[in-house]
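Colleague: coordinates for the following, if possible.
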Amino acid sequence: MNGSPAGVVEAAFRHYRAQDRAAALPLYADDFTFTSPQDDHIDKAAFFARCFPTADRFAEQRILHLVAVDEELVLVHYEYEPVSGGRYRNVEAVTVRDGRIREVQVFFGGAV
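Modeller: Numbers count the residues shown, from 1 in each chain. Okay, here's the model as predicted:
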């Protein structure tokens with residue numbers, strides 16, 4: 001795995017899609033927080049209980065852009081297709097510090 005912030009984020013997405021919790025857990029800091037329009041600053045335990053096990057809801061998910069903005073911030077723009085149909089795009093702002101994901105903020109997009 002590439003230890004750069006972008007490499008850490010790419011690995012986290014790959015482990016999510018594969019539902020490889022054991023590989024994903026070490027990528028997230030103990031004080032990790034996750035925020036989306038549906039979740040407000042939930043911690044690592046809540047994220048892995050509530051959000052991580054949702055990969056089976058998607059027929060497809062593909063990263064369109066993954067850009068390191070600076071030494072900590074990575075922006076990920078991705079498109080996904082729920083098994084129920086439709087196509088959507090989201091953006092995530094991911095903070096990586098000392099090789100571990102500290103924070104994820106998800107911005108939901110609309111249908112494409």
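Colleague: the protein: strands as residue ranges?
Modeller: Taking DSSP state E, the strands of the chain run over residues 28-36, 39-43, 58-68, 73-82, 88-97, 100-111.
Colleague: buried sites along the fourth one?
Modeller: Same thing as strand 73-82. The neighbour-count check on strand 73-82 (16 or more other CB atoms under 10 Å) flags Val74, Leu75, Val76, Tyr78 as buried. C-beta: built from backbone N, CA, C; applies to glycine.
Colleague: same deal with the third one?
Modeller: For strand 58-68, a neighbour-count test (16+ other CB under 10 Å) marks Phe58, Gln61, Leu66, Ala68 as buried.
Colleague: of all pairs in those residues, which one is the farthest apart?
Modeller: Maximum pairwise distance among the buried residues of strand 58-68 (CB to CB): 24.7 Å, between Phe58 and Ala68.
Colleague: residue nearest the centroid of this protein?
Modeller: Centroid check for the chain by CA atoms, centre = their mean gives Phe13 as the closest residue, at 5.6 Å.
Colleague: what's the separation between Val96 and Asp56?
Modeller: Noted for Val96: a distance of 26 Å to Asp56, by CB to CB, to the nearest Å.
Colleague: coming back round to it: of the strands of the chain, which is nearest Ser4?
Modeller: strand 58-68 (6.9 Å).
Colleague: packing partners of the closest one?
Modeller: helix 5-18, strand 73-82 (3 or more CB pairs under 8 Å, 6 or more residues apart in numbering; DSSP states H and E).
Colleague: hmm, back to that, export the buried residues of strand 58-68 to TSV and tack on distance to Arg21?
Modeller: Shown next, in TSV, are the buried residues of strand 58-68 (distance: CB to CB, whole Å):
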residue	distance to Arg21
Phe58	17
Gln61	17
Leu66	22
Ala68	25
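Colleague: using a markdown table, please lay out the residues you listed together with pLDDT.
Modeller: Listed next are those as a markdown table, based on pLDDT from 0 to 100:
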| residue | pLDDT |
| --- | --- |
| Phe58 | 95 |
| Gln61 | 96 |
| Leu66 | 98 |
| Ala68 | 97 |
